[in-house]
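> I need the structure of the sequence given here:
(one chain, ligands or ions: 1)
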Amino acid sequence: MLKTRIAVLVSGGGTNLQALIDAQKKGIINSGELVLVISDNPNAYALERAKNNGIDTFVVNKKECSSQADFEQRIIDSLEENRIDLIVLAGFMKILTANFTSRYPERIINIHPSLIPSFCGEGFYGLKVHEKALEYGVKVTGATTHFVNEIPDGGKIIMQKAVEILDGDTPEILQKRVMEQAEWIILPLSVEKVSKIIKESK
Ligand code: GAR
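Numbering: from 1, shown residues only. As a prediction, this is how the structure comes out:
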């Protein structure tokens, strides 16, 4: 059976992309294959991680696009050219509209660094999520993988993992713990789970 063809969309450092690459090497991801990394940021270190591992890369710089629709169309064209079955948003910091998401129902996975429905939705991304969790004073946070639909962080949940907040945590310390104890574990597992479903339906 043909493996599920996966594209990962990134904007920055790409530690979640690295977790996916490592999981593929270890066989944790086996039903799918990482074939393409798309970045909206030409300087994203995630692009180096892809190149170092022989994965094709493509950059769509939003500043060079005439509109949101043009930006999304360039991504769609690249996904189609590469016959992508599954899209993973791994630290992708641009909003995708319903025009994009409605094309891929239950075919886009996002990783979010909190336990949805806490600290999520528009304006909650990256370090800000952890700043808000600390500001609120919650004692437990975590990460969530979910399908992407037209509602920011509102699609069906795939997996969640809780992480303790400790005295003295800064947003940076907490971000690192959430990545190590939750994101880098549940993202590969979620990608394998969905890849398997797609592979069996191909
Ligand atoms: C990760 O913590 C990811 O969960 C978060 O950005 C970071 C990207 O790091 N994503 C969001 O906040 C999406 N709303 P990475 O580039 O090292 O994977």
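> Verify the contact between residue 199 and residue 6 for me.
No - judged on CB atoms under 8 Å, residue 199 makes no contact with residue 6 at a distance of 10.9 Å. Bear in mind the C-beta positions are built from the backbone N, C-alpha and C, glycine included.
> Next, show the common contact partners of those two.
Listed as contacting both residue 199 and residue 6 by CB atoms under 8 Å, 6 or more residues apart in numbering are residue 32.
> So which bits of stretch 23-38 are buried?
Residues of stretch 23-38 classed as buried: 23-24, 29, 31-38 (neighbour count, 16 or more other CB atoms under 10 Å).
> same check, this time on stretch 175-190
For stretch 175-190, burial by neighbour count (16+ other CB under 10 Å) applies to 175, 177-179, 181-190.
> show me what contacts whichever residue of the chain sits closest to the ligand?
Nearest to the ligand, among the residues of the chain, is residue 91, at 2.7 Å (CB to the nearest ligand atom). Neighbour list for residue 91: 10-17, 46, 111, 126 [criterion: CB under 8 Å, 6+ apart].
> Give me the pLDDT for it.
You'll see residue 91 listed with a pLDDT of 97.
> Repeat that for residue 1.
pLDDT, residue 1: 87.
> That one: how many residues sit nearby?
7 (other CB atoms under 10 Å).
> cool, and the one 4 residues further on?
Residue neighbour count, defined by other CB under 10 Å, stands at 20 for residue 5.
> and which of the contacts of residue 91 is nearest to residue 146?
residue 111 (8.5 Å; CB to CB).
> Relative to residue 146, how far out is the nearest residue in space to that closest one that is not next to it in sequence?
Excluding its sequence neighbours, the residue lying closest to residue 111 (CB to CB, 6 or more residues apart in numbering) is residue 187, at 4.8 Å. Going from residue 187 to residue 146 by CB to CB, to the nearest Å gives 11 Å.
> Common neighbours of these two, please.
residue 109.
> Please list which of the contacts of residue 91 also come close to the ligand.
12-16, 111, 126 (CB under 6 Å from any ligand atom).
> before we move on, back to that, please produce a markdown table containing the buried residues of stretch 23-38, extended by secondary structure and distance to the ligand.
Formatted as a markdown table, those follow (DSSP: H, G, I helix; E, B strand; the rest coil; distance: CB to the nearest ligand atom, whole Å):
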| residue | secondary structure | distance to the ligand |
| --- | --- | --- |
| 23 | helix | 13 |
| 24 | helix | 16 |
| 29 | coil | 16 |
| 31 | coil | 22 |
| 32 | strand | 18 |
| 33 | strand | 20 |
| 34 | strand | 14 |
| 35 | strand | 19 |
| 36 | strand | 16 |
| 37 | strand | 11 |
| 38 | strand | 13 |
